[in-house]
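**Student:** Fold the following and give me the result.
(chains A and B)
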Amino acid sequence: MCFLYLEILSRVRERFTQVVEEQFGLRIEQPALGFPPNADLGDASITACFELGKQLRQPPRKIAESVAARMLPMEGVERVSVAGPGYLNLYLDRAALAASVFETRAGHAAKVTTQAGDGKVLVEHTSINPNKAAHVGHLRNSVLGDTFARLLRFAGRSVEVQNYIDDTGVQVADVVVGFVHIEGKSVDEVRALVADPALRFDYYCWDLYARVTQAYEQDPALVARRLDTLKAIEEGHGPVAEMGELISTAIVRLHLQTALRLGIRYDLLVEESDILRLDFWKYAFELLKQRGALRFEESGKNSGCWVMSLSGEEGPAEAGEAGDTGEEGGERDVKIIVRSNGTVTYVGKDIAYHLWKFGLLGRDFGYERFYTYPDGHQLWRTTTNTQARGAPSFGGASDAYVVIDSRQSYLQRVVAAAFRELGYHEQAEHMHHFAYEMVNLSLSAAEALGIAPSESDRQRAYVEVSGRRGLGVKADELIDAVIEKALAEVRDRGMTSDASEQEAYARMVGVAALRYFLLKFTSRSTIAFDFKDALAFEGETGPYLQYSVVRARSIFRKAEGQPAIDAESGSPESAPSTDALQTFLEGAEGREFWELVVLAAQLEMTVRQAEASEEPAVLAKYAFRLAQAFNNFYHHHRVLAEPDPARRSFLLFLVRLVSETLSATLGLLGIEVPEHM
RNA sequence: GCGCCUGUAGCUCAGAUGGAUAGAGCGUUUGCCUCCGGAGCAAAAGGUCGCAGGUUCGAAUCCUGCCAGGCGUACCA
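**Tutor:** Purely as a prediction, here's the structure:
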């Protein structure tokens, strides 16, 4: 029997619903639950009696009292009480919950899946234009996507991570223009640059891209070259296309390495060029026309275009919109999908891609092995050769998350609207735009980078990152800086003199600092990037979390070395007896221990909340609260010096339970824990 | 103009489905190593939750209107 919070709460709901139905003949859906402000008032509470009071025209407290009398017996719940104007508070069976959490964390119990988990979930993230080095904003995307994928897996879902590569877009074309028309380089010369070990090709392109953007402003002829170049790249043959391919593949490989430094991996790279060359759009276009989702404009400003109507995009719910009889006559809410010259817009390609994601296109890519990760994990890439065999089955998902910044909301809504127009309402519901806000530069960060803020920048107190202008913090430079700082700390503390160990620890600490920094903000919050905050190792930071686990593990290491402590209690394989647990979890001091157990028991519930709200920060905050609670405990109780063996055994059990929970949580955040730090 | 988002402590931010005394980190001030690791612990100070109404047993949270910011609304991607 499992007593983790998630299960207990659903049992409580069930029971409450049942009792209310028996007693009042009223069927309620999802009774409201809450958490009391402190453990004296209980471990969970039902707040539904207030709502019921209205319906039954009775005082909530009276209802709560009459229901309370019949809630028990219930597995996992020891006591029920009524408080205040009508809270129904539940006191859990402390020994049972503690033992259950321990069994689960120690891997003795079956892993809890927090939901039904039918079908594959696809998470698309990173998707950086392959024409320059990645910057902090891209890191936010990747870390959010990667963390979300990790917690979906924990929740029992089968997850496929895709990275969309816009290898035929204007941004790649711009860099090609730079090489060809500004630097006068040949394909071979660019190839030599890529191969040059002394040169960071992505940094080189970062600068070149900024130069090209500037050059466009001074030389209109160059803008014409840009169009030719884009066309050649889209068509896919000739030296220009070859150079585009060369650049984008080289940059993608560098982006993969950057992501890998933070522990981020992918399953599949989807290339836009393959979507074009396999005519995915043609099939999507046919489908859209067949089902009347697109309309050809014979006249007006959009004459010659295929457009999609966006009115009523929120589904059939809003029938009563009589207001727009104005001069535009509803023409306002249309989106051009096919231009008057016959070419398809970005949204069109995205519609085709998403149809494929859900297995609705009736077509598939070819696949080739692209990269093997150090741990053997295979990364695939799409190709036009659909005859190749041996690849796993990609796509065909039942849920798709797209991690893109919030500026893309409109386009995401257009894709969903297209699905509804096609009659795929179910799939439209399962398309999730995982939106997040930008990373800007704080004034001090801008200053550190030698960027002079404009007057309006000063007023807003931040500077916008701009790849186009070459303004921003390069991802690798930031990772270098944070690891370098961590290395200095690790050396200072002298935990090890082995240089390669020091480097390994510094890498883990630096990555933890950076990942946690990017995760602790909710995605709706704009980050004003500041070096001081991002490089902090104290307070609410990744290293603080790691440190907590390191301390806990250090106790076990020392415990094993003490002959007075037997192997069993030194590293408890099983929980203490029920009697012992009850004894130590009672009373004023027991309450302190109990609060730790409760917190640890809430991991699954927290993961579910993070998943449902599409908010990894929820999990990050949970990790911090758990670490704080543990550090507090650590400071107030000496485990190894405890003279009473039974009590020492219990304290070890508690340390084990919490540290296992915390390291599991850190795993979900992509944070590794070094042995020393 | 229309649409979406944001406004909480000096600074940076949490506050799921309305719930019990609005929290944390940083910074400031002050304590704590005879004790398993001080990247730590504890305490103090710091709040008209942008403003004004409304809904109800109860509002930082929901509704309306203002104010201030951001983003979007391309035959760009």
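
**Student:** Let me know the pLDDT of the residue of the stretch 401-550 of chain A found nearest RNA strand B.
**Tutor:** Going by Cβ to the nearest atom of the strand, RNA strand B is nearest to residue A:539 of the stretch 401-550 of chain A, at 2.3 Å. All C-beta spots, glycine's among them, are computed from the backbone N, C-alpha and C. In the predicted model, residue A:539 carries a pLDDT score of 95.

**Student:** Okay, it and residue A:672: tell me how far apart.
**Tutor:** As defined by Cβ to Cβ, to the nearest Å, residue A:539 lies at a distance of 20 Å from residue A:672.

**Student:** Just give the nearest non-adjacent residue to residue A:185, would you?
**Tutor:** Using Cβ to Cβ, 6 or more residues apart in numbering and skipping residues adjacent in sequence, the residue nearest residue A:185 is residue A:179, 4.6 Å away.

**Student:** neighbours of the residue of the stretch 401-550 of chain A closest to RNA strand B, just the number please.
**Tutor:** Using other Cβ atoms under 10 Å, residue A:539 is surrounded by 9 other residues.

**Student:** Tell me which helix or strand it sits in.
**Tutor:** Using DSSP states H and E, residue A:539 is not contained in any helix or strand.

**Student:** so how far is residue A:516 from it?
**Tutor:** From residue A:539 over to residue A:516 the distance is 11 Å, taken as Cβ to Cβ.

**Student:** any common contacting residues for these two?
**Tutor:** Residues touching both residue A:539 and residue A:516 (Cβ atoms under 8 Å, 6 or more residues apart in numbering): none.

**Student:** Return the backbone torsion pair for residue A:72.
**Tutor:** Main-chain dihedrals, residue A:72, degrees, to the nearest 10: phi -100, psi 160.

**Student:** Would you confirm that it contacts residue A:88?
**Tutor:** No: with contacts counted by Cβ atoms under 8 Å, residue A:72 stays clear of residue A:88, the gap being 11.8 Å.

**Student:** so what sits against both of those two?
**Tutor:** By Cβ under 8 Å, 6+ apart, residue A:72 and residue A:88 have these common neighbours: residue A:80.

**Student:** the more surrounded of those two?
**Tutor:** When residue A:72 and residue A:88 are compared for neighbours, residue A:88 comes out ahead with 27 against 12, by other Cβ under 10 Å.

**Student:** which ones are touching the closest residue to residue A:624 other than its chain neighbours?
**Tutor:** Distance criterion Cβ to Cβ, 6+ apart; nearest residue to residue A:624, sequence neighbours excluded, is residue A:540 at 5.5 Å. Shown in contact with residue A:540 (Cβ under 8 Å, 6+ apart): A:516, A:520, A:624.

**Student:** And the pLDDT for the second one?
**Tutor:** At residue A:520, the predicted lDDT confidence score is 97.

**Student:** Can you get me a residue count around it?
**Tutor:** 20.

**Student:** Looks like it contacts residue A:617 (just checking).
**Tutor:** Yes: counting by Cβ under 8 Å, residue A:520 touches residue A:617, with 6.1 Å between them.

**Student:** quick one: the strands in the stretch 301-450 of chain A?
**Tutor:** Remark: strands assigned in the stretch 301-450 of chain A by DSSP state E, counting those that start in this stretch are A:306-309, A:334-338, A:366-372, A:378-383, A:399-405, A:431-436, A:439-442.

**Student:** Partner strands of the fifth one and their direction?
**Tutor:** Strands adjacent to strand A:399-405 in the sheet, as given by DSSP bridges, are strand A:120-124 (parallel), strand A:431-436 (parallel).

**Student:** as a whole number, average confidence for the following helix or strand past the shortest one?
**Tutor:** Put plainly, it is strand A:120-124. Following strand A:120-124 in sequence order, the next helix or strand is helix A:136-154 (DSSP H and E). Helix A:136-154 shows a mean pLDDT of 97.

**Student:** Who are the packing partners of the helix or strand following helix A:136-154?
**Tutor:** Counting by DSSP H and E, the element after helix A:136-154 in chain order, helix or strand, is strand A:158-165. Using 3 or more Cβ pairs under 8 Å, 6 or more residues apart in numbering; DSSP states H and E, the elements in contact with strand A:158-165 are strand A:120-124, helix A:136-154, strand A:268-271.

**Student:** and if we set it to 10 Å?
**Tutor:** Contacts defined by 3 or more Cβ pairs under 10 Å, 6 or more residues apart in numbering; DSSP states H and E place strand A:158-165 against strand A:120-124, helix A:136-154, helix A:239-261, strand A:268-271, helix A:272-277, helix A:346-357, strand A:378-383, strand A:399-405.

**Student:** Among those, single out whichever gets nearest to RNA strand B.
**Tutor:** helix A:346-357 (3.4 Å).

**Student:** can you count the residues close to residue A:401?
**Tutor:** 22.

**Student:** What's opposite it in the beta bridge?
**Tutor:** With DSSP bridges applied, residue A:401 shows beta-bridge pairing to residue A:123, residue A:432.

**Student:** Quick one: residues contacting it.
**Tutor:** Residues in contact with residue A:401 (Cβ atoms under 10 Å, 6 or more residues apart in numbering) are A:121-125, A:145, A:148-149, A:152, A:159, A:161, A:430-434, A:614.

**Student:** Residue A:647 too?
**Tutor:** Residues counted as contacts of residue A:647 (Cβ under 10 Å, 6+ apart) are A:576, A:580, A:583-584, A:637, A:639.

**Student:** Mind doing that once more with 8 Å?
**Tutor:** residue A:584.

**Student:** repeat for residue A:286
**Tutor:** Counting by Cβ under 8 Å, 6+ apart, residue A:286 has no contacts.

**Student:** Pretty sure residue A:639 sits against residue A:648.
**Tutor:** Yes: counting by Cβ under 8 Å, residue A:639 touches residue A:648, with 6.5 Å between them.

**Student:** what about the residue nearest to residue A:185, how many residues close to it?
**Tutor:** Other residues near residue A:179 number 24, with proximity taken as other Cβ under 10 Å.

**Student:** Tell me the pLDDT of it.
**Tutor:** pLDDT, residue A:179: 97.

**Student:** what's the distance between it and RNA strand B?
**Tutor:** As judged by Cβ to the nearest atom of the strand, to the nearest Å, residue A:179 and RNA strand B stand 19 Å apart.

**Student:** residue contacts, residue A:174?
**Tutor:** A:131, A:209, A:212-213, A:226.

**Student:** again with residue A:366
**Tutor:** Counting by Cβ under 8 Å, 6+ apart, residue A:366 touches A:274, A:382-388.

**Student:** Same check on residue A:188?
**Tutor:** Residue A:188 sits next to no residue when contact means Cβ under 8 Å, 6+ apart.

**Student:** Over to the one 5 residues further on?
**Tutor:** When contacts are counted by Cβ under 8 Å, 6+ apart, residue A:193 touches A:185, A:199, A:201, A:204.

**Student:** Kindly recompute the last result at 6 Å.
**Tutor:** Contact analysis of residue A:193 by Cβ atoms under 6 Å, 6 or more residues apart in numbering lists residue A:201.

**Student:** now it, what's its secondary structure?
**Tutor:** Of the three states, residue A:193 takes helix according to DSSP: H, G, I helix; E, B strand; the rest coil.

**Student:** Below-threshold pLDDT in the stretch 1-150 of chain A: ranges please.
**Tutor:** Along the stretch 1-150 of chain A, the model assigns pLDDT under 70 to residues A:1-3, A:110-117.

**Student:** RNA strand B contacts on that one?
**Tutor:** Residues of the stretch 1-150 of chain A lying close to RNA strand B by Cβ under 7 Å from any atom of the strand are A:30, A:32-38, A:41-42, A:45, A:47, A:50-51, A:53-54, A:60, A:83-85, A:87, A:89, A:129.

**Student:** could you flag which of those residues are buried?
**Tutor:** The neighbour count (16 or more other Cβ atoms under 10 Å) marks A:33, A:36, A:42, A:45, A:47, A:50, A:53, A:60, A:87, A:89, A:129 as buried among those.
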